[in-house]
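Asks: Using only what follows, build the 3D model:
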Amino acid sequence: MNRKYLQLIEKVFAIIGLTFFTGGFGVGSPPLLPAFLTSTIRYGVWFVSLIVIVLNYKKALAMASQDIFICILVPIVYASSIWSLNPEFTDEYMGQVLRMSSFALYLATRFSIKQQVRLVAWTFAIGAIVSILVVWRLPGVGLHWKYHLGAWKGIYDYKNTFGSMMIIGSIAFLLMPVDSLKHQRYKWGFFYLMLLLIYFSTSKTSLIVSFLVLFILYLYRKFRWQGKRSVFFLDLGIMIFGGISGLVVALWVEILGAFGKDGSLTGRVPMWTSAISRVITEQPLLGFGRGGFWADESNYAIEAGMTIGPNYVPPHAHNGYIDLALDVGLVGLSLFLISLTIAFFRSFKLAYNTDKSEYVWPLGFLLFLSLNNMSESYLLRLANVYWVLYVSTALSVGREIRSLTLKRSFRGNNS
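Replies: Below is the predicted model:
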């Protein structure tokens, strides 16, 4: 078969895999696809990913070695059913961790950052278009009716999920490289469409996070310099950010009130306090097992829910970092935070040392992931695209930095 067609088939497969992990094929209620077809896609994506990884095992091992902390964290999460508060629940969903991580390794192994940005952009472009069609033709599926009346969720499970997907898509289109006027029109058309859909989601978290991420990226690209000037603008940026952060902290209650929320984030802070105290006092090192703390309306979940109101049992902590600590303790959380810190430093270095817009993608995505997980649980809960993109980004940016360093070293030796 022609190599060009093989590459096209692989790109289509990658988009199908990314769409599956967004939940666009069958997580919603009612689901768009029958359960057997969704299951076929689930195991098909996993099987093909593993086959490609095995066939390219040397490259895959080299790629995995770019972040040893992820390589340690994933087995710990997988093994957490051993000490889980609810072993049966944890066991039931442990395959998700392997499927997400193996598909992420496949993406990082087979596609460059430039290619990944394009794949992500078109995945969410398709998701946006289908969501509009679903809202138009099947409003009972695409809109919220019982709660959050009229809010868009499209082909996804919830309005906040829809909003966060459109944020990722908007960042990808903003940073996607284009080589023609026609593609430029598509790029900006979809970028503004996704911003509009974030508004239709009515997710205040998504609106705030999208504004912050795009504003930071704008400032970065606007005032990016080489040499001594960069130090000046870095210091200026820190001062501005510190000032804004101080205002936000000082006016926290007023700011939230303007968005229709209370100063405790709709009761989340007391719930976080309850969950944190439990993990610190009872299972500080390895946590309660993946999902174990909240599984089957456990006594711990009931206790945390009581801080918000009677008869409320939360499904998760509404904070990705706290949920990770509940799942795999301070050991697992520390491994992730070290990995995230390294990925951030590499992303800053990569974005600073190159002129290509796609190399700002890791920084943009990591900013989104970090901010969004302050009030949503979008790390390792269930099967999700956030973990897939985090792992592929963290591994890919390590590869790019290594390649950039080797090129500079080679040029220096030949000068």
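Asks: Now tell me what touches the helix or strand where residue 4 lies from outside.
Replies: Taking DSSP states H and E as the criterion, residue 4 maps to helix 3-22. With contact meaning CB atoms under 8 Å, 6 or more residues apart in numbering, helix 3-22 is reached by 25, 38, 41-42, 45, 48-49, 100, 103, 106-107, 110-111, 115, 119-120, 122-124, 126-127, 156, 165, 383-385, 388. (C-beta placed from N, C-alpha, C; glycine too.)
Asks: Following it in sequence, what is the next regular element?
Replies: helix 35-55.
Asks: helices or strands next to that next one in the packing?
Replies: helix 3-22, helix 94-110 (3 or more CB pairs under 8 Å, 6 or more residues apart in numbering; DSSP states H and E).
Asks: Now for the nearest residue to residue 380 once chain neighbours are set aside: which residues touch it?
Replies: Nearest residue to residue 380, sequence neighbours excluded (CB to CB, 6 or more residues apart in numbering): residue 387, at 5.7 Å. With contacts defined as CB under 8 Å, 6+ apart, residue 387 is in contact with 100, 101, 104, 379, 380.
Asks: what sits against residue 317?
Replies: Counted by CB under 8 Å, 6+ apart, residue 317 has contacts 271, 272, 275, 294, 304, 323, 326, 377.
Asks: list the buried ones in the helix holding residue 4?
Replies: Buried residues in helix 3-22, counted by 16 or more other CB atoms under 10 Å: 10, 11, 13, 14, 15, 16, 17, 18, 19, 20, 21, 22.
Asks: now do stretch 149-162
Replies: 151, 152, 153, 154, 155, 156, 157, 158, 159, 160, 161, 162.
Asks: Check stretch 317-328 too.
Replies: Going by 16+ other CB under 10 Å, stretch 317-328 has these buried residues: 317, 318, 319, 320, 321, 322, 323, 324, 325, 326, 327, 328.
Asks: still on that earlier bit, and the helix holding residue 4, C-alpha only, in PDB?
Replies: Output in PDB follows, covering the C-alpha atoms of helix 3-22 (Å, rounded to 0.1, in the frame of the first residue of the first chain):
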ATOM      1  CA  ARG A   3       3.100   5.100   2.200                       C
ATOM      2  CA  LYS A   4       0.900   8.200   1.900                       C
ATOM      3  CA  TYR A   5      -2.300   6.200   2.500                       C
ATOM      4  CA  LEU A   6      -0.700   4.300   5.400                       C
ATOM      5  CA  GLN A   7       0.100   7.700   7.000                       C
ATOM      6  CA  LEU A   8      -3.500   8.900   6.400                       C
ATOM      7  CA  ILE A   9      -4.900   5.700   8.000                       C
ATOM      8  CA  GLU A  10      -2.700   6.100  11.000                       C
ATOM      9  CA  LYS A  11      -3.800   9.700  11.500                       C
ATOM     10  CA  VAL A  12      -7.400   8.600  11.300                       C
ATOM     11  CA  PHE A  13      -6.700   5.900  13.800                       C
ATOM     12  CA  ALA A  14      -5.100   8.500  16.200                       C
ATOM     13  CA  ILE A  15      -8.100  10.800  15.800                       C
ATOM     14  CA  ILE A  16     -10.500   7.900  16.600                       C
ATOM     15  CA  GLY A  17      -8.400   7.000  19.600                       C
ATOM     16  CA  LEU A  18      -8.400  10.600  20.900                       C
ATOM     17  CA  THR A  19     -12.100  10.900  20.300                       C
ATOM     18  CA  PHE A  20     -12.800   7.700  22.300                       C
ATOM     19  CA  PHE A  21     -10.800   9.000  25.300                       C
ATOM     20  CA  THR A  22     -12.800  12.300  25.200                       C
END
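Asks: about what we covered before: which pair in the buried residues of stretch 317-328 spans the largest distance?
Replies: Using CB to CB, the buried residues of stretch 317-328 span at most 18.3 Å, a distance reached by 318 and 328.
Asks: so who does residue 272 touch?
Replies: Residue 272 is in contact with 317, 319, 322, counting by CB under 8 Å, 6+ apart.
Asks: Kindly confirm whether my reading is correct that the last one touches residue 273.
Replies: No: at 10.0 Å, residue 322 and residue 273 do not qualify as touching, with contact defined as CB atoms under 8 Å.
Asks: which one of the buried residues of helix 3-22 is nearest residue 78?
Replies: Looking across these and measuring by CB to CB, the closest to residue 78 is residue 21, at 17.4 Å.
Asks: distance of that closest one from residue 215?
Replies: 28 Å (CB to CB, to the nearest Å).
Asks: now swap in residue 153 and tell me
Replies: Distance from residue 153 to residue 215, by CB to CB: 26 Å.
Asks: what's the answer for residue 85, then?
Replies: Taking CB to CB, one finds residue 85 at 41 Å from residue 215.
Asks: Comparing the two, which residue is more hemmed in?
Replies: Neighbour count, other CB atoms under 10 Å: between residue 85 and residue 215, residue 85 has more, with 22 against 11.
Asks: pLDDT added to the contacts of residue 272, as TSV?
Replies: Formatted as TSV, those follow (pLDDT from 0 to 100):
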residue	pLDDT
317	86
319	87
322	91
